[in-house]
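**Student:** have a look at this fold, sequence not included:
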């Protein structure tokens, strides 16, 4: 206890050097909390949006379907398994039929995926109610990115061409009934959504689907009728990979910032030991063992990080709170490359992340404080009293 | 009086059925003759493709070897950017070799819908090379003049389930039995493509169009011209030409 009290008095007495160390360490803590908060917030939002717009909670894939292999699409359709009829009737599962098609906006040709979905479904946020047929027209809904690429507006009519189940070409004009905005590029880019019944009639693939999206409550957790079950963990693979790469970036930034801050602590400690040689000798003369003196200097160094945590909380909390309200504005281009990013990224601060950051700073502060202090234990204390540490 | 009317009606109906049947017979015979002109056991063609774009035109020359309806090999000779690009079709599969990347890729799925070298022809158009009479039933529906030549107007309806275009309208030169114009329709009746031919010459005892223009009518632009410089029929082509190894040679 005496050592802690002495250490505390010593670092307060050190004045400017102490405050400089605390300021630098608290800066690192606040910056890293904000950065990790942004990362956690984005990942959370990305996972939620992916589920809401694209994947649902889980899916059943027709045996030939592979989301990551576009070549699998022509053969990836089949009758939905009878075992999940109840889920389909209660709306806990929704079939999606995907075919390849071409769209001709302003006389240009673009290859797209035409996705058939039940207008009454409520699992995905796609505005499928707009797909209800009106007046003999075929309505489609598209995302904002697709609208930008095709230069189509709500109410526009455009020709689409596709092949039916036998490979026969067919074409018809469709009307853009709604344009939705989503952060999830994989539900938007290069695709048009159409009523499932319309797609059945167009292709002759009655009651068939490519995949089935399911709610969490559907309780399906294994392959059904030969269809492959894909759990939420699998469906979030893209997000997880992005998260892993972002975490690695975060670690590098943290390491750089922490190294710079700890250099300041290390320098302070080294200088302090050099300037306080007589003091060290006096401590030993008064009965402290060299190991206790080493401990004293180590505690002094570590206390910087504890103070930095308190100081950082005082100035950082309002700032971080304000950040949760404003978010970090993001350029639209991020969404175009397939990342589920909104107009702004809002941080989500996790206690575990903050605690880990603080603990890492404390542990490394203790280490860099100990390294210069450990040589005290090997000193000749008579020489130390004379101010001659070698 | 009533009896007489019924007799006339039945006779009229019979005549109509008979004429329809004759038209179908004539149409199918005509298709057979067209196939005899257009198809061969093998073909070697040196040609130029002119793709009319919005801003400029692109000219691509190539040499292609075709065996029946299942095998085809094309090597692009110019421009420099496309020189050495090769395409191989074996039944329902197609590969393209690009010398720039020294890679061979299989053309499948959505890639089949992409246009060949930016033209109005897609890879899947090139894949479907079956004889008319194997796919369509034809009926003569009239006669018209095309480029000053008397033509039979044929209406083609697919008789197989997997015809890419379920119906076609074809203007066939009455004398030379070569289609001078064709319109290809979707199941809904929407016209998708238009083909016009010209410079019909007699080659090895058969009439053959040396110039064809393909136009995707849903797309803007003037279409794609295909001009044949030399063509030989029924020559033996070594089997190794139609192998994946020949793509990298």
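**Tutor:** Cool, got the structure. This is a predicted model, so every value here is computed, not measured.

**Student:** need the strands for the stretch 251-390 of chain A, in chain order.
**Tutor:** A:328-329, A:344-345 (DSSP state E, counting those that start in this stretch).

**Student:** save those as CSV, and put in distance to chain B, mean pLDDT and mean neighbour count too.
**Tutor:** (Each C-beta comes from the backbone N, C-alpha and C, glycine too.) Output for those, formatted as CSV (distance: least, C-beta to the nearest C-beta, whole Å; pLDDT from 0 to 100; neighbours: other C-beta atoms under 10 Å in any protein chain shown):
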stretch, distance to chain B, mean pLDDT, mean neighbour count
strand A:328-329, 35, 78, 12
strand A:344-345, 33, 79, 16
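
**Student:** could I get those in TSV, plus columns for distance to residue B:213?
**Tutor:** Putting these into TSV (distance: least, C-beta to C-beta, whole Å) gives the following:
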stretch	distance to residue B:213
strand A:328-329	52
strand A:344-345	53
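
**Student:** now the residue of chain B found nearest chain A. Its backbone dihedrals?
**Tutor:** In chain B, the residue that lies nearest chain A is residue B:220 (3.0 Å; C-beta to the nearest C-beta). Dihedral pair for residue B:220: phi -80, psi 160, per degrees, to the nearest 10.

**Student:** try the one 5 residues further on
**Tutor:** Backbone torsions of residue B:225, given as degrees, to the nearest 10, read phi -100, psi 140.

**Student:** is the closest residue to it other than its chain neighbours bridged to anything, and to what?
**Tutor:** Distances taken as C-beta to C-beta, 6 or more residues apart in numbering or on different chains place residue B:50 nearest to residue B:225, at 4.3 Å, with adjacent residues excluded. In this entry, residue B:50 is beta-bridged to residue B:59, residue B:225, by DSSP bridges.

**Student:** how about residue A:143?
**Tutor:** Under DSSP bridges, the residues paired with residue A:143 across the bridge are residue A:180.

**Student:** so how many other residues sit close to it?
**Tutor:** 26 (other C-beta atoms under 10 Å in any protein chain shown).

**Student:** I figured it hits residue A:182, correct?
**Tutor:** Yes - using C-beta atoms under 8 Å, residue A:143 is in contact with residue A:182, at 5.7 Å.

**Student:** and for those two, which residues touch both?
**Tutor:** Counting by C-beta atoms under 8 Å, 6 or more residues apart in numbering or on different chains, the contacts common to residue A:143 and residue A:182 are residue A:188.

**Student:** residues contacting the residue of chain B closest to chain A?
**Tutor:** A:106, A:107, A:108, B:54.

**Student:** again, but for residue A:254
**Tutor:** With C-beta under 8 Å, 6+ apart, residue A:254 has these contacts: A:28, A:32, A:35, A:357, A:360.

**Student:** the third one falls within a strand, correct?
**Tutor:** This points to residue A:35. No - Residue A:35: not assigned to a strand; according to DSSP: H, G, I helix; E, B strand; the rest coil it is helix.

**Student:** what is the burial count for it?
**Tutor:** Neighbours around residue A:35, by other C-beta under 10 Å: 19.

**Student:** and it, what does it touch?
**Tutor:** Neighbours of residue A:35 in contact, by C-beta under 8 Å, 6+ apart: A:250, A:253, A:254.

**Student:** part of a strand, is residue B:161?
**Tutor:** No - membership of residue B:161 in a strand is not supported by three-state DSSP, which gives coil.

**Student:** and it, how far from residue B:187?
**Tutor:** Separation of residue B:161 from residue B:187 (C-beta to C-beta, to the nearest Å): 12 Å.

**Student:** buried stuff in stretch B:133-152?
**Tutor:** Using 16 or more other C-beta atoms under 10 Å in any protein chain shown as the test for burial, stretch B:133-152 gives B:133, B:135, B:136, B:138, B:139, B:140, B:146, B:149, B:151, B:152.

**Student:** touching, the second one and residue B:160? I think so.
**Tutor:** Pointing back at residue B:135 there. Yes - Residue B:135 is in contact with residue B:160 according to C-beta under 8 Å; the separation is 5.6 Å.

**Student:** wait, what's in contact with the residue nearest to residue B:225?
**Tutor:** B:57, B:58, B:59, B:60, B:224, B:225, B:226, B:227.

**Student:** over to residue A:66?
**Tutor:** A:72, A:76.

**Student:** go again using 10 Å as the cut-off
**Tutor:** A:72, A:73, A:76, A:228 (C-beta atoms under 10 Å, 6 or more residues apart in numbering or on different chains).

**Student:** and what about the closest residue to residue B:203 other than its chain neighbours, helix, strand or coil?
**Tutor:** Spatial nearest neighbour of residue B:203, chain neighbours left out: residue B:231 (5.7 Å); criterion: C-beta to C-beta, 6+ apart. Following three-state DSSP, residue B:231 is assigned to strand.

**Student:** okay, and which of the buried residues of stretch B:133-152 map to helices?
**Tutor:** Those of the buried residues of stretch B:133-152 mapping onto helices are B:133, B:135, per DSSP state H.
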